[in-house]
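K.L.:
sequence plus the predicted model coming up.
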Amino acid sequence: MSQMMIQPVKDRLTGWRLFLMSIRGRSYPRIIGMQRDVTWLIFDVLLPVGTVAAYVLIYQAVGAPSDYVGFVVVGGAMMAYWLNVLWGMSSQLYWEKETGNLALYIIAPASMMSILLGMAIGGIFSSSLRALGVIIISSWIFQVSYAVTSFWLLFIVFLLTMAALYGLGMMTSSIFLLLNREAWHIANLAQEPVYLASGFYFPVKSFPFWIAAGASLIPLTLGLDAMRQLVFATGPSVGFLSVQVEILLLLILSIGFIAGAKRMLDYMERLARREGRLTDTRK
Amino acid sequence: MLKSTFMRSFLTSTWLGWQIESNWADPFLFLIYSIVKPLAGAGIIVVMYGVISQGNFDTPLFAYIYIGNAFFQYVAMVMTGVSWAIIDDREHYKTLKYIYTAPVSVPWYLLGRGVSRFIIATFSVIITLVFGAVFLHIPIQISTIDWNLLIVSMVVGVIMLSLIGVLLAGITLLTVKQSFFIGDVVAGVFFLFCGVIFPIELLPPVMQTIGKLLPVTYWIELVRRAMVGSVAEAFPTFTNVSDSQLLLILTGLTILYGIISIVVWIVCDHRAREQGLIDWTSNY
């Protein structure tokens, strides 16, 4: 009988240790889940290459310069991150609310910020595998030639883009919690317009300045533009702003979105206590 | 009172699907939602083409690309509409187990859930085509559309897409929530192989053969011919094949894919029951 009883927790973690353990705990299912069910290799890597190839062939049909093929490949790979932010971050807490997990997160002694960070780290890991798969396969099929001017700058741009993008995802996940079933449709609505506005398949410089400037509020717009400038020979000629300016703007967006995420989460927690509405599922 | 289990399942789930898709917002917001999404999708093609052609949209190739892309919205919407119902009911509403125990036909229920997406896709296609005709001078005129060909092609095409949706629904029964966009990604493959936005002659020979084995290739060609015959004739893919021959091929492939879909559904459904996956939630 005593063997069946749950053992009491001996070392109860608090403070930053609890914070780190929560991050690990929430990222774990996303990382380990990829090993348990490998169908994602087909649905998230092989098949998206088909869409990338279709857009590449449009450029080939209209006689575009060869670097445009590379622009599509990089855009197609970065799409994995946007889809993850949209469906795995922004609408995730809404999904958790609908499936009953959100109440457990709120009851647990861990901070919601650590849970969101865990989701983000797990999401970046899984999306990176998908993006890498798309890049490798597409580059091999279409013989994309890269001319990287600075690996350090490329690394910094990528890190800042991820920080700003997932900061945006963490912030919007709180906003989405305020919504009901429309959250799902709004996430759905944000898919194609962002593909268009952020220039996933073409340089964002093709837009008039103020439209491109407005689209730069989505971190992928600046991130993609800077990456293209750094990895393609003709990249700088179609760049929207200089790489240095884009790095600075990405840094500002990262700080702003992460601070916004913390502020929104605090607001949501207050709302949870005051109105008791966070676990209300209106189907 | 409907006595047929099939019809009762289909009609009830059609009503349910429409409620799920549309009653979350007031009609104005729903209208905005229905307009922005398809126009953004078309906008990607327009900007890509415009960047390279310096804004010269008055070519048969652009009309070919634009019309193919507009009608292709049906492919992702209908296939996803049918297959997504599995995830929605299994993991979101957690009602799939009740549907399985209720006296309904599950495949017919899934087909009904796809109808609302078909209605939304129809709205999106019309908006995209009107936008193209008015602002981009795509040569579409109501008086020159071959309505008979368009209607027959649409009926056969939607049946074909729905049956492929059932096949994907069967696969979704055995996969986790990661396969969120199974309909979208399979549509991406059709986007490549089926001559939607470029003539399939641009593909290597092996890929052309694959494209010619897929029914979507013939369906897109038929609707393109029905909308603007001269544009379709400007490209050599099926110039030696008449409309009726194309329709015959499409019907034959629809029957073939329908049989495959039903077999796959039966196998996956059986395996899902055996492995206890009907009320599975993954929650990654």
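P.N.:
Looks like it arrived, so ask away.
K.L.:
from residue B:107, how far off is residue B:263?
P.N.:
According to C-beta to C-beta, to the nearest Å, residue B:263 stands 12 Å off from residue B:107. (Glycine included, C-beta is placed from N, CA and C.)
K.L.:
quick one: which of these two has more around it?
P.N.:
Legend: neighbour count by other C-beta atoms under 10 Å in any protein chain shown for residue B:263 and residue B:107, higher for residue B:107 (23 against 12).
K.L.:
pLDDT value on that one, please?
P.N.:
pLDDT recorded at residue B:107 is 93.
K.L.:
give the contact list for it.
P.N.:
B:166, B:169, B:262, B:265 (C-beta atoms under 8 Å, 6 or more residues apart in numbering or on different chains).
K.L.:
I'd like these laid out as TSV, including secondary structure, pLDDT and neighbour count.
P.N.:
Listed next are those as TSV, based on DSSP: H, G, I helix; E, B strand; the rest coil; pLDDT from 0 to 100; neighbours: other C-beta atoms under 10 Å in any protein chain shown:
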residue	secondary structure	pLDDT	neighbour count
B:166	helix	94	23
B:169	helix	93	29
B:262	helix	95	15
B:265	helix	96	21
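K.L.:
relative to chain A, which of the residues you listed is nearest.
P.N.:
residue B:169 (14.2 Å; C-beta to the nearest C-beta).
K.L.:
what separation do you get for the closest one and residue B:248?
P.N.:
28 Å.
K.L.:
and what of residue B:39?
P.N.:
Applying C-beta to C-beta, the value for residue B:39 to residue B:248 is 35 Å.
K.L.:
the two: which is more packed in?
P.N.:
Applying other C-beta under 10 Å to residue B:39 and residue B:248 shows that residue B:39 carries more neighbours, namely 17 against 13.
K.L.:
need the helix or strand of the chain with the lowest average pLDDT.
P.N.:
All of this refers to chain A. Lowest by mean pLDDT, DSSP states H and E among the helices and strands of chain A is helix A:40, with a mean of 73.
K.L.:
correction: the question concerned chain B.
P.N.:
helix B:229-233 (a mean of 74).
K.L.:
and the strands in chain B, which stretches?
P.N.:
Counting by DSSP state E, chain B yields no residue ranges for strands.
K.L.:
hmm, back to that, quick check: the farthest pair among the contacts of residue B:107?
P.N.:
Greatest spatial distance in the contacts of residue B:107: B:169 and B:262, 11.5 Å, computed using C-beta to C-beta.
K.L.:
mind listing what the closest residue in space to residue B:191 that isn't next to it in sequence touches?
P.N.:
Distances taken as C-beta to C-beta, 6 or more residues apart in numbering or on different chains put residue A:54 closest to residue B:191, at 4.5 Å, once the chain neighbours are dropped. Neighbouring residues of residue A:54 by C-beta under 8 Å, 6+ apart: B:188, B:191, B:192, B:196, B:197, B:198.
K.L.:
keep only those of those that are in helices.
P.N.:
B:188, B:191, B:192 (DSSP state H).
K.L.:
make a markdown table out of the residues you listed and add pLDDT and neighbour count.
P.N.:
Converted to a markdown table, the ones in helices among the contacts of residue A:54 look like this (pLDDT from 0 to 100; neighbours: other C-beta atoms under 10 Å in any protein chain shown):
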| residue | pLDDT | neighbour count |
| --- | --- | --- |
| B:188 | 83 | 23 |
| B:191 | 88 | 24 |
| B:192 | 88 | 25 |
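K.L.:
by contact count, what packs against the least confident helix or strand of chain A?
P.N.:
Judged by 3 or more C-beta pairs under 8 Å, 6 or more residues apart in numbering or on different chains; DSSP states H and E, helix A:40 is in contact with no other helix or strand.
K.L.:
that one: what's the following helix or strand?
P.N.:
Under the assignment DSSP states H and E, the closest C-terminal helix or strand after helix A:40 is helix A:47-61.
K.L.:
now do the buried residues in that following helix.
P.N.:
Under the neighbour-count criterion of 16 or more other C-beta atoms under 10 Å in any protein chain shown, helix A:47-61 has A:47-59, A:61 buried.
K.L.:
do the same with stretch B:123-136
P.N.:
Here stretch B:123-136 shows B:123, B:124, B:125, B:127, B:128, B:129, B:131, B:132, B:136 as buried, counting by 16+ other C-beta under 10 Å.
K.L.:
just the residues contacting stretch A:13-25, thanks.
P.N.:
Contacts for stretch A:13-25 (C-beta under 8 Å, 6+ apart): A:108, A:109, A:110, A:111, A:113, A:114, A:115, A:117, A:118, A:121.
K.L.:
OK, contacts around the first one?
P.N.:
It refers to residue A:108. residue A:22.
K.L.:
likewise the last one?
P.N.:
Counting by C-beta under 8 Å, 6+ apart, residue A:121 makes contact with A:23, A:27.
K.L.:
same check on the fourth one?
P.N.:
Taking C-beta under 8 Å, 6+ apart, we find residue A:111 in contact with A:19, A:22.
K.L.:
model confidence for it, exactly?
P.N.:
Model confidence at residue A:111 (pLDDT) stands at 84.
K.L.:
angles on the backbone of it, please.
P.N.:
The phi and psi torsions at residue A:111 (degrees, to the nearest 10) take the values phi -80, psi 150.
K.L.:
then the second one?
P.N.:
Residue A:109 adopts backbone torsions of phi -70, psi 0, taken as degrees, to the nearest 10.
K.L.:
chain center to stretch A:115-123, what's the gap?
P.N.:
10 Å (C-alpha atoms, centre = their mean, to the nearest Å).
K.L.:
stretch B:17-29 now?
P.N.:
20 Å.
K.L.:
check what contacts that stretch and list those residues.
P.N.:
Identification of contacts with stretch B:17-29 by C-beta under 8 Å, 6+ apart yields A:180-182, A:184-185, B:30, B:33, B:81, B:85, B:88, B:112-117, B:119-120.
K.L.:
burial measure for residue A:122, as a count.
P.N.:
24.
K.L.:
pretty sure it sits against residue A:32.
P.N.:
No: with contact defined as C-beta atoms under 8 Å, residue A:122 does not reach residue A:32; the gap is 9.1 Å.
K.L.:
so which of the buried residues of stretch B:123-136 is the closest to residue A:84?
P.N.:
Among these, and counting by C-beta to C-beta, the member closest to residue A:84 is residue B:124, at 25.1 Å.
K.L.:
that older thread, among the contacts of stretch B:17-29, which are located in helices?
P.N.:
Using DSSP H, the contacts of stretch B:17-29 in helices are A:182, A:184-185, B:30, B:33, B:81, B:85, B:112-117, B:119-120.
K.L.:
state the pair within the residues you listed that is farthest apart.
P.N.:
Maximum pairwise distance among the ones in helices among the contacts of stretch B:17-29 (C-beta to C-beta): 23.0 Å, between A:182 and B:112.
K.L.:
ok, those two, which is more surrounded?
P.N.:
Just comparing residue A:182 and residue B:112: by other C-beta under 10 Å the higher neighbour count belongs to residue B:112, 28 against 16.
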